[in-house]
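# Please find the sequence and the predicted model below.
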Amino acid sequence: MGRKFFIGGNWKCNGTTEEVKKIVTTLNEAEVPPEDVVEVVVSPPFLFLTLVKSLLRSDFHVAAQNCWVRKGGAFTGEVSAEMLVNLGIPYVILGHSERRLLLGESNDFVGDKVAYALSQGLKVIACVGETLDQRESGSTMDVVAAQTKAIADRISDWTNVVVAYEPVWAIGTGKVATPAQAQEVHSVLRKWLHANVSAEIAGSTRIIYGGSVNGANCKELAAQPDVDGFLVGGASLKPEFVDIIKSATVKSSA
Ligand SMILES: O=C(CO)COP(=O)(O)O
């Protein structure tokens, strides 16, 4: 189906200039599969975006971790999609659970953000995922479908969208979803896209997994048929991120 493996590193609110330069040096020196096998995108905090972009090898790309929902203007503290485009930042992560839960971003608000960012020419990593309570009450698929629907209702072209399934209970907890748990949700999400968007988009849209991915568990997860890559938090700040990038070969040699 030709879904290129996608590895995102979400640095969240971490790093000093020195630390950022060190991570970039490690990435620049790494031997990884070629660009036609894996797409690598790292997402530093806004303040380091241009520094990282200027230092990073040209086969890796950068993403912002958020942007404003509409055109920029009198919105103190916000960063607009137009600014990211102006600075040559190709990607933005939207709807991360930390923003949904800590900052109250609703499904509709995230859907509006995705639509606006795409309209400005950005590529979007759109995050969905259930909390532990929601999983335990059996509503995982309803939650993930509602989050995806809020996006699907507002966009028609999915070419520049990567969907990141990130179960909240697995984020930063060391408690990774089992390969079977990840595959189950990814496969149902793909079926949802098939039924509600189109067969073509269901087949071509990358659905990546996030939540305590590390160098030790990435290969088994990567081997799942509907896992098209990862969005990595903590481990993306460490040299083991290179091992995670290399897990793309699990797919290319399959
Ligand atoms: O939230 C995540 C990536 O966006 C995952 O974070 P961890 O890999 O630290 O669990």
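Thanks, I have the structure now. What you see is a predicted model, and the numbers here were worked out from it, not measured in a lab.

# Residues touching whichever strand or helix holds R135, excluding its own?
Taking DSSP states H and E as the criterion, R135 maps to helix 132-136. When contacts are defined by CB atoms under 8 Å, 6 or more residues apart in numbering, helix 132-136 is touched by residues 140, 143, 167-169. In this view, the C-beta of every residue, glycine as well, is placed from N, C-alpha and C.

# Is there proximity between it and the ligand?
No: shown here: helix 132-136 not in contact with the ligand (CB under 6 Å from any ligand atom), separated by at least 13.8 Å.

# for that helix, the distance to its chain's centre please.
Average the C-alpha atoms of helix 132-136, do the same for its chain, and the two points are 22 Å apart (CA atoms, centre = their mean, to the nearest Å).

# C-terminal to it, what's the next element?
Later in the chain than helix 132-136, the nearest helix or strand by DSSP H and E is helix 140-152.

# buried residues in that next one?
140-141, 143-145, 147-148, 150-152 (16 or more other CB atoms under 10 Å).

# re earlier: out of the contacts of helix 132-136, give me the two with the largest separation.
Across the contacts of helix 132-136, the two members that end up farthest from each other (CB to CB) are V143 and W169, 12.2 Å apart.

# Look up how far the ligand lies from the spatially closest residue to T205 that is not a sequence neighbour.
Here the nearest residue to T205 in space, its sequence neighbours aside, is W158; by CB to CB, 6 or more residues apart in numbering that works out to 5.3 Å. Using CB to the nearest ligand atom, to the nearest Å, W158 is found at 20 Å from the ligand.

# can you check S80 too?
22 Å.

# Around the ligand, pick out the residues from this structure.
Near the ligand, when you scan the chain using CB under 6 Å from any ligand atom, you find 10, 96, 166, 171-172, 210-213, 231-235.

# I'd like to know which of these are part of strands.
The strands in this structure, assigned by DSSP state E, contain 10, 210, 231-232 from these.

# in the stretch 151-254 of the chain, what residue is nearest the ligand?
Nearest residue of the stretch 151-254 of the chain to the ligand (CB to the nearest ligand atom) works out as G233 at 2.2 Å.

# scratch that, the stretch 1-150 of the chain is what I was asking about
Scanning the stretch 1-150 of the chain for proximity to the ligand using CB to the nearest ligand atom identifies N10 as nearest, at 3.7 Å.

# Confirm for me that that residue is in contact with G210.
Yes: using CB atoms under 8 Å as the test, N10 is close enough to G210 to be in contact (7.4 Å).

# Pipe the contacts of helix 132-136 into JSON lines and attach pLDDT per row.
Written out in JSON lines, the entries for the contacts of helix 132-136 read as follows (pLDDT from 0 to 100):
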{"residue": "T140", "pLDDT": "98"}
{"residue": "V143", "pLDDT": "98"}
{"residue": "P167", "pLDDT": "98"}
{"residue": "V168", "pLDDT": "97"}
{"residue": "W169", "pLDDT": "97"}
